[in-house]
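Chemist: The following comprises the amino acid sequence and a computationally predicted model.
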Amino acid sequence: MRLRHEFHGLKIATWNVNSVKARLEPALAWLKEAKPDVVCLQEIKTVDEGFPREPFEALGYNCAVHGQKSYNGVAILSRHPMEDVTPRLPGGAPLPDGSSDDHARYLEAVIAGKKGVVRVATIYAPNGNPWPGPKFDFKLAWLERLRLHAKKLLKNEEPVVLMGDYNIIPQDIDAARPKAWIKDALFQPESKAALRRIENLGYTDAFRSLHPEGGHYTFWDYFGSWERNNGIRIDHILLSPQGLDRLKKVGIDKEVRGACEKPSDHVPVWCELNI
DNA sequence: ATGGTCGCCGAGCGA
């Protein structure tokens, strides 16, 4: 007798945790429940040495970390080995404090599943507020650097997943109260256009592709928005054509917001790929 | 009506 095992695909998630240390317990609880194979984290808010590797390794995850003191910082957790681990986007400028590095907002790795490989990037795009101003200009410049890199990645004709906190509300249907965001950097026409320019290269918003109806959010601020469901969808999964071919499912783990005393202002978004 | 709350770290900044 031969047993058949259903293939479930590779579950890849993104989550802006708003400090990995402050969110350690809820993050571990979510990992045990959701069982993702790969997790892209943003806003870890610590240097590499401060990343709590041991508790994640105890759950079977390898950790690739690109940290920064106090702000930003990204990481990838993976049950499979990671290769070609690359921090930073090309074209970065030194930080104002004189350090030679760029903001820690991008980290990429290649991961092999049972049916093939996937290139995964964790992305923490600049917020860009207040608008207008130098921070908004920095946001647009950073997104253009991301676009140029995303374009290069398409040449490999491999499944690519560019996931994270883009700090962009793509359309009116992605905000409970779109009018409230008119003067915000996340909802400026230039911000939406920057996201569309990346999509126009050949990337697809995985969540939108399976949920065209809108009304699904990934972020609620700490000023009472959760209680009123005054959310926005700003955490996105962009798939290359070869990635989209393998898309099986996509979801938002909204319940994570109410599952602990001190939640992140973002919730996890995930997809399942035939890889 | 332009507040409110987090997390960094131990004052304001960033979101």
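Modeler: Now that the structure is in, tell me what you want to look at.
Chemist: Quick one: residues contacting whatever residue of chain A ends up closest to DNA strand B.
Modeler: Residue nearest to DNA strand B within chain A: A:Ser19 (3.2 Å; Cβ to the nearest atom of the strand). All C-beta atoms are positioned from the backbone trio N, CA, C, and that covers glycine. The contact partners of A:Ser19, by Cβ atoms under 8 Å, 6 or more residues apart in numbering, come to A:43-46.
Chemist: now swap in A:Glu43 and tell me
Modeler: A:16-19, A:72-73, A:124, A:165 are the contacts of A:Glu43 under Cβ under 8 Å, 6+ apart.
Chemist: Take those residues and lay them out in TSV including distance to A:Arg88.
Modeler: Formatted as TSV, the contacts of A:Glu43 follow (distance: Cβ to Cβ, whole Å):
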residue	distance to A:Arg88
A:Asn16	19
A:Val17	20
A:Asn18	22
A:Ser19	21
A:Asn72	12
A:Gly73	12
A:Tyr124	12
A:Asp165	17
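Chemist: what pLDDT does the most centrally placed residue in chain A get?
Modeler: Compute the mean C-alpha point of chain A, and by Cα atoms, centre = their mean the closest residue is A:Gly164, 1.3 Å away. At A:Gly164, the pLDDT value in this model is 98.
Chemist: do the same with A:Cys40
Modeler: Value for A:Cys40, per-residue pLDDT: 99.
Chemist: same check, this time on A:Pro90
Modeler: Predicted confidence (pLDDT) for A:Pro90: 87.
Chemist: Okay, helices next: where are they in chain A?
Modeler: If DSSP state H is used as the criterion, the helices of chain A fall at A:24-34, A:53-58, A:134-154, A:189-200, A:206-210, A:225-228, A:241-245.
Chemist: thinking again about what came up before, and for the residue nearest to the centre of chain A, nearest residue in space, chain neighbours not counted?
Modeler: Closest residue to A:Gly164 apart from its sequence neighbours, by Cβ to Cβ, 6 or more residues apart in numbering: A:Ile123 at 3.2 Å.
Chemist: same deal with A:Thr218?
Modeler: In space, A:Thr218 is closest to A:Asp235, 4.0 Å off (Cβ to Cβ, 6+ apart).
Chemist: got it, and A:Glu199?
Modeler: Closest to A:Glu199 by Cβ to Cβ, 6+ apart is A:Asp205, at 6.5 Å.
Chemist: go on, A:Arg228?
Modeler: Counting by Cβ to Cβ, 6+ apart, A:Arg228 lies nearest to A:Ala176, which is 7.8 Å off, once chain neighbours are set aside.
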